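Q: Next comes the sequence, and after it the predicted model I'd like to discuss.
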Amino acid sequence: MRQDKYPFEAHPLPYTYDALMPVLDEETLHFHHDKHYQTYVDNLNKVLSEYPQLQEMSLEELLLGMEEVPVAAKAAVRNNGGGVFNHELYFASMKNPAGQQPEGKLAEAVNRDFGSFEQWKEQMKQAAVSKFGSGWAWLIADPEGKLVIVQTANQDIPDLAAYTPILLVDVWEHAYYLRYRNRRADYVEGWFSLINWKKAEKRYTERRKQVASS
Ligand code: MN3
């Protein structure tokens, strides 16, 4: 997780803009990364510029410490901080070619908690396709390592104090509309083929180790 502080800088994409073809095209990634994500970074910096007491906090500290954020800044920090957090995880959790299935401890957990990889995929797709309006579908792990699928609205995040984000898919129209128009299900189907399972497992097992040692 990033430890940098205000002023935050946008992370470059961890691949070239054409790397996720044919699922995600260059134009979509340019708009999504260079415009949408960059705007969340800029707007987060803008609100933090007025609150020196918040400028020493990392992004995660800000999102976990919302009670320290003054009322007038709460909505802006929540929306833009969430936008930064969600997009960084989203871009970082894709790879092409990925094309593999979960391995190791995460594969065991998927089978245990959903019955099979195919059943997990079906439920994840359902969560992503049925999210009303703009938001995200997530695979998260509770403190015991149990996997759960949840939806969040807008740029909201799950409770990071309790849950570890493993994967997420952006179902705002800007994530897919240029290439898929209104066919969100086709975009989500393509997204499955881009999941970087190796990184997902790393997120899962690192959290398990932290819990075991605390
Ligand atoms: Mn987005």
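A: Nice, I can see it. All figures in this text were calculated on a predicted structure; none of them were measured in a lab.
Q: Would you mind giving me the confidence score for the closest residue to V23 other than its chain neighbours?
A: Closest residue in space to V23, ignoring its immediate chain neighbours: G190 at 3.6 Å, by CB to CB, 6 or more residues apart in numbering. (C-beta placed from N, C-alpha, C; glycine too.) Taken from the predicted model, the pLDDT recorded for G190 is 96.
Q: contacting residues for the residue in the chain that the ion sits nearest to?
A: Residue of the chain nearest the ion, by CB to the ion: D170 (4.2 Å). When contacts are counted by CB atoms under 8 Å, 6 or more residues apart in numbering, D170 touches 32, 86-87, 90, 136.
Q: ok, the residue nearest to V23 touching M21?
A: No - look at G190 against M21 with CB atoms under 8 Å: they stay out of range, at 10.3 Å.
Q: and these two? which has more neighbours close in?
A: The residue with the greater number of neighbours, taking G190 and M21 and applying other CB atoms under 10 Å, is G190; the counts read 16 against 13.
Q: coming back round to it: give the bridge partners for the residue of the chain closest to the ion, please.
A: Taking DSSP bridges, one finds W136 as the beta-bridge partners of D170.
Q: Close to the ion: what parts of the protein are there?
A: Within the chain, the positions adjacent to the ion are 170, 172, 175 by CB under 5 Å from the ion.
Q: Could you rerun that using 6 Å?
A: By CB under 6 Å from the ion, the residues of the chain that approach the ion are 32, 36, 87, 170, 172, 174-175.
Q: Narrow those residues to those that are buried.
A: Applying a neighbour-count criterion of 16 or more other CB atoms under 10 Å, the buried members of the residues of the chain next to the ion are 32, 87, 170, 172, 175.
Q: got the residues you listed as JSON lines, with secondary structure and pLDDT columns?
A: Conversion of these to JSON lines gives the following (DSSP: H, G, I helix; E, B strand; the rest coil; pLDDT from 0 to 100):
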{"residue": "H32", "secondary structure": "helix", "pLDDT": "98"}
{"residue": "H87", "secondary structure": "helix", "pLDDT": "98"}
{"residue": "D170", "secondary structure": "strand", "pLDDT": "98"}
{"residue": "W172", "secondary structure": "coil", "pLDDT": "96"}
{"residue": "A175", "secondary structure": "helix", "pLDDT": "97"}
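Q: Any regions of this protein where pLDDT drops low?
A: Per-residue confidence for the chain (pLDDT under 70) gives these ranges: 1-2, 99, 211, 214.
Q: Outline the domain layout of it.
A: In terms of domains, the chain is parsed into 26-92, 104-213 (source: automatic domain parsing).
Q: Please report the number of neighbouring residues for the closest residue to R179 other than its chain neighbours.
A: Among residues not flanking R179 along the chain, D25 sits closest, at 5.2 Å (CB to CB, 6+ apart). When neighbours are defined as other CB under 10 Å, D25 has 15 of them.
Q: residues touching D25, list them.
A: Contact partners of D25, counting by CB under 8 Å, 6+ apart, are 18, 178-179.
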